[in-house]
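K.L.:
please find the sequence and the predicted model below.
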Amino acid sequence: QTAVVSADTVAAMAAVDEAAYKIATTAPELDVTSAVLTAAARHLGQYCEAANSAYVKCKADNEGNPVKCLQQGVAVSQCTANFFAAVSDKCGTDFRAHWQCLASNNHMFDKCRKTQAVFDACMKDKMGLSGAFRTYDTNSMNSSYNKK
């Protein structure tokens, strides 16, 4: 059986897609490597906890449909861009040393504890971030998200 879609429905879908595209592309592109994301992950999670929580809640409230949550997604991307700008300004040298260590050691944190300690201290002193945040792994019985 073939579904028939009216021309009005197709036009409405195209308008939604165009509007969604405009919203989604307002966020800045982030040119970062996996080592940079790995090094920053704990602090980024804490820094952007409110934006991340709003996005996760929106998706949960909308059956996982990311199109319904574009504004929240843009907020996550903007928060992430702001985070990396602040880290670069306040702890750039220590951050660079840490992510370069991770990049050189196949992302093995045990090889980079010294650079991590220096970076963590800078983040706590200059940005007030300890790196602690709730996770969103709601399928895990031990998830901190489930412990309110």
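P.N.:
Received it, and whenever you're ready, just let me know what you need.

K.L.:
what's the average pLDDT for stretch 88-102?
P.N.:
Per-residue pLDDT over stretch 88-102 has a mean of 97.

K.L.:
buried sites along stretch 119-129?
P.N.:
119-120, 122-123, 127, 129 (16 or more other Cβ atoms under 10 Å). No exception for glycine: its C-beta is placed from N, CA and C like everyone else's.

K.L.:
secondary structure element holding residue 130?
P.N.:
Using DSSP states H and E, residue 130 falls within no helix or strand.

K.L.:
list the residues that contact it.
P.N.:
Residues in contact with residue 130 (Cβ atoms under 8 Å, 6 or more residues apart in numbering) are 46, 120, 123-124.

K.L.:
in strands, which of these appear?
P.N.:
Among those, no member falls in strands (DSSP state E).

K.L.:
max pairwise distance over the residues you listed: which two?
P.N.:
Comparing all pairs in the contacts of residue 130 by Cβ to Cβ, the longest separation belongs to 46 and 120, at 11.5 Å.

K.L.:
now do the shared contacts for these two.
P.N.:
Applying Cβ under 8 Å, 6+ apart, one finds that residue 46 and residue 120 are jointly contacted by 130-131.

K.L.:
for the closest residue to residue 109 other than its chain neighbours, give its distance to residue 82.
P.N.:
Distances taken as Cβ to Cβ, 6 or more residues apart in numbering put residue 116 closest to residue 109, at 6.6 Å, once the chain neighbours are dropped. As for residue 116, its distance to residue 82 is 22 Å (criterion: Cβ to Cβ, to the nearest Å).

K.L.:
higher neighbour count, those two?
P.N.:
More neighbours surround residue 116 than the other of residue 116 and residue 82, with 20 against 14 (other Cβ atoms under 10 Å).

K.L.:
and what about the more buried one, helix, strand or coil?
P.N.:
Under DSSP: H, G, I helix; E, B strand; the rest coil, the three-state class of residue 116 is helix.

K.L.:
check contacts around residue 97.
P.N.:
115, 118-119.

K.L.:
could you dump the residues you listed to TSV with distance to residue 22?
P.N.:
Below are these laid out as TSV (distance: Cβ to Cβ, whole Å):
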residue	distance to residue 22
115	41
118	42
119	37
